[in-house]
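Engineer: Pasted the sequence and its predicted model underneath.
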Amino acid sequence: MRTHIVYAHPHNGSLNAALRDEAVQTLEALDHTVTVSDLYAMNFKAVADFDDFGPTESETFIDAAAEAWEKDALAPDIKAEQEKLLAADNVILQFPLWWFTVPAIMKGWMDRVFANGFGYGTSRAWKRYGDGVLAGKRAMIVVTTGAADAHLSDRGVNGDINDLLFPIQHGVLFYTGMAILPPVVITGAGWQSEYADMVKHLRERLETLAETEPIAYRRQTDDYDEHKRLLPGREAPGTTGFALHIAQ
């Protein structure tokens with residue numbers, strides 16, 4: 001089995017770096033072939049622009065991306081990342097939660113790597129939300145946050161962690177076709193959680209990658225009408241918000 005880790009933290013002496021190394025060691029002990037894109041160490045370009053596409057006749061950014069995809073003219077660093085994803089059975093995004101989302105360098109990785117033609121398509125049959133180039137792969141987020149469990153609960157001041165991660169899990173990873181496993185969330189990082197407990201939790205989740213039931217996000221082709229609205233009666237009574245898009 002092949003697992004690719006996309007990792008974003010600027011300090012190689014950080015908790016995240018230690019957990020990354022634990023993940024690699026655990027997966028390799030399970031006979032996974034592990035690759036890592038350490039975005040800060042790679043000095044990965046975080047700004048998507050027309051330089052990503054080479055010479056183009058397209059006037060819009062989205063069309064230029066599609067043209068570059070069709071002509072195999074995307075920037076070499078983008079193509080390298082896409083090849084890593086295509087080769088993987090499992091994809092792990094690891095990052096600290098900064099301002100309720102991923103670090104900018106990882107957002108740039110998403111913007112550039114999941115370009116039109118690869119991550120989604122207007123130049124081919126439109127496939128998304130459970131379908132697409134990356135269908136059949138499993139994805140999981142490993143995220144650290146200084147907030148405590150209570151802060152990230154249903155009534156917590158920061159909001160429910162599942163809601164905070166929805167745009168990444170559903171809007172990026174599931175959108176591109178992957179099955180999404182429940183996240184590994186390390187709360188109270190640096191002040192509340194014991195390192196041994198963090199490692200134990202991470203290892204347990206990595207050891208069960210193949211058996212863990214994915215989040216039951218609804219496929220676009222199954223549960224939505226021609227206007228991409230959820231069909232009536234599909235949800236449990238009283239369900240609202242992001243939970244509407246998870247089958248009960």
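Structural biologist: Received, thanks. Residues are numbered from 1 along each chain as shown.
Engineer: what's the burial count for Gly76?
Structural biologist: No Gly there; residue 76 is Pro. 7 (other CB atoms under 10 Å). For the C-beta atoms, the positions are set from N, CA and C on the backbone; glycine is no exception.
Engineer: Might you report the residue contacts of it?
Structural biologist: Residues in contact with Pro76 (CB atoms under 8 Å, 6 or more residues apart in numbering): none are found.
Engineer: so what pLDDT did it get?
Structural biologist: The model reports Pro76 with a pLDDT of 97.
Engineer: Give me the distance between it and Glu28.
Structural biologist: Pro76 is 27 Å from Glu28, where distance means CB to CB, to the nearest Å.
Engineer: what's the answer for Glu207, then?
Structural biologist: From Glu207 to Glu28 the distance is 12 Å (CB to CB).
Engineer: Then Gln220?
Structural biologist: 36 Å.
Engineer: same deal with Met1?
Structural biologist: With CB to CB as the criterion, Met1 and Glu28 are 11 Å apart.
Engineer: Ok, Gln248 next?
Structural biologist: Remark: distance between Gln248 and Glu28 (CB to CB) = 37 Å.
Engineer: Which of the two has more residues huddled nearby?
Structural biologist: Shown here are Gln248 and Glu28; by other CB under 10 Å, Glu28 has more neighbours (12 against 9).
Engineer: which residue sits closest to the more buried one in space, ignoring its chain neighbours?
Structural biologist: Leaving aside its sequence neighbours, Glu28 sits nearest to Val34 (CB to CB, 6 or more residues apart in numbering; 5.6 Å).
Engineer: Bridged to the one you found, which residues?
Structural biologist: Thr3 (DSSP bridges).
Engineer: Give me the residue at the spatial middle of this protein.
Structural biologist: Leu173 (4.6 Å; CA atoms, centre = their mean).
Engineer: Just give the closest residue to it, not the sequence neighbours.
Structural biologist: For Leu173, the spatially nearest residue (CB to CB, 6+ apart) is Ala139, at 4.4 Å.
Engineer: ok, back up a step: just checking, the residue nearest to Glu28 touches Val24?
Structural biologist: Yes: using CB atoms under 8 Å, Val34 makes contact with Val24 at a distance of 5.2 Å.
Engineer: shared neighbours, these two?
Structural biologist: Counting by CB under 8 Å, 6+ apart, the residues touching both Val34 and Val24 are Ile5.
Engineer: and Lys200, how many neighbours does it have?
Structural biologist: Count around Lys200 with other CB under 10 Å applied: 12.
Engineer: Okay then, goodbye and thanks.
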